[in-house]
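**Student:** Provided below for reference: sequence and predicted model.
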Amino acid sequence: MTYPNPCTQCGFCCVSDTCPVGQDFYRVGKYDPCHGLTFDGPVAFCRLSLIIPPQIRGIGLGCCILARVIKNGVTYDFASLPPAFKQIAVAQVRRQKLREYNEAQDAKREAQK
Ligand code: SF4
Ligand code: SF4
């Protein structure tokens, strides 16, 4: 399969959803943070690639994520954005998801008191 846009290792797909292999391996839900995802600066890396070769799972072959980014009223196809724009969007989503995750953990702790 060929993809119109290259994968720039921005990590957006993994930040958005944990893939089925990650869900099984790390025993997390689709929308939980993936413990296999790590970043070197803005570049994402899948720790599972040390165990399962990335090409078997299609990692790095191209970007086909179906997502839209809206800025100043204009809608963009995420997959076709330049690498720097993808990195900015991912940084924002990571902050938001981390905040939501921490809030959910706090709420769980409160409920257990
Ligand atoms: S460029 Fe696309 S496929 Fe590559 S990590 Fe980012 S969202 Fe995922
Ligand atoms: S970091 Fe690896 S295991 Fe986690 S969602 Fe991405 S590809 Fe799947």
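**Tutor:** Cool, the structure landed. Ligands and ions are numbered 1, 2, ... in the order given.
**Student:** Residues in contact with the lowest-mean-pLDDT helix or strand in the chain: which ones?
**Tutor:** Using mean pLDDT, DSSP states H and E, strand 68-71 stands out as the lowest-scoring helix or strand of the chain, at a mean of 84. Around strand 68-71, the neighbours that count as contacts under CB atoms under 8 Å, 6 or more residues apart in numbering are 75, 76, 77, 78, 81, 85, 89. (Glycine included, C-beta is placed from N, CA and C.)
**Student:** at 6 Å what do you get?
**Tutor:** Here strand 68-71 makes contact (CB atoms under 6 Å, 6 or more residues apart in numbering) with 75, 76, 78, 89.
**Student:** buried subset of these?
**Tutor:** Buried members of the contacts of strand 68-71, counted by 16 or more other CB atoms under 10 Å: 78, 89.
**Student:** Okay, and which of the contacts of strand 68-71 map to strands?
**Tutor:** 75, 76 (DSSP state E).
**Student:** Save the contacts of strand 68-71 as TSV, and put in distance to ligand 2 and pLDDT too.
**Tutor:** Listed next are the contacts of strand 68-71 as TSV, based on distance: CB to the nearest ligand atom, whole Å; pLDDT from 0 to 100:
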residue	distance to ligand 2	pLDDT
75	25	90
76	23	88
78	16	90
89	17	87
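**Student:** Farthest pair within the contacts of strand 68-71?
**Tutor:** The distance between the two most remote of the contacts of strand 68-71 (CB to CB) is 13.1 Å, for 75 and 89.
**Student:** average pLDDT for stretch 102-113?
**Tutor:** Averaged over stretch 102-113, pLDDT sits at 90.
**Student:** Just the buried residues of it, please?
**Tutor:** In stretch 102-113, no residue is buried by neighbour count (16+ other CB under 10 Å).
**Student:** ok now that stretch, how far from the chain's centre?
**Tutor:** Centroid separation for stretch 102-113 versus its chain: 24 Å, with CA atoms, centre = their mean, to the nearest Å.
**Student:** Pull the CA coordinates from it and hand them back as PDB.
**Tutor:** Output of stretch 102-113 as PDB, limited to C-alpha atoms (Å, rounded to 0.1, in the frame of the first residue of the first chain):
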ATOM      1  CA  ASN A 102      -4.500  13.500  35.400                       C
ATOM      2  CA  GLU A 103      -8.000  14.900  36.100                       C
ATOM      3  CA  ALA A 104      -9.500  11.400  35.600                       C
ATOM      4  CA  GLN A 105      -6.900   9.900  37.900                       C
ATOM      5  CA  ASP A 106      -7.700  12.600  40.600                       C
ATOM      6  CA  ALA A 107     -11.400  11.900  40.300                       C
ATOM      7  CA  LYS A 108     -10.800   8.100  40.700                       C
ATOM      8  CA  ARG A 109      -8.700   8.700  43.800                       C
ATOM      9  CA  GLU A 110     -11.400  11.000  45.200                       C
ATOM     10  CA  ALA A 111     -14.100   8.400  44.600                       C
ATOM     11  CA  GLN A 112     -12.000   5.800  46.500                       C
ATOM     12  CA  LYS A 113     -11.800   7.900  49.700                       C
END
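**Student:** Right, I'll leave it there.
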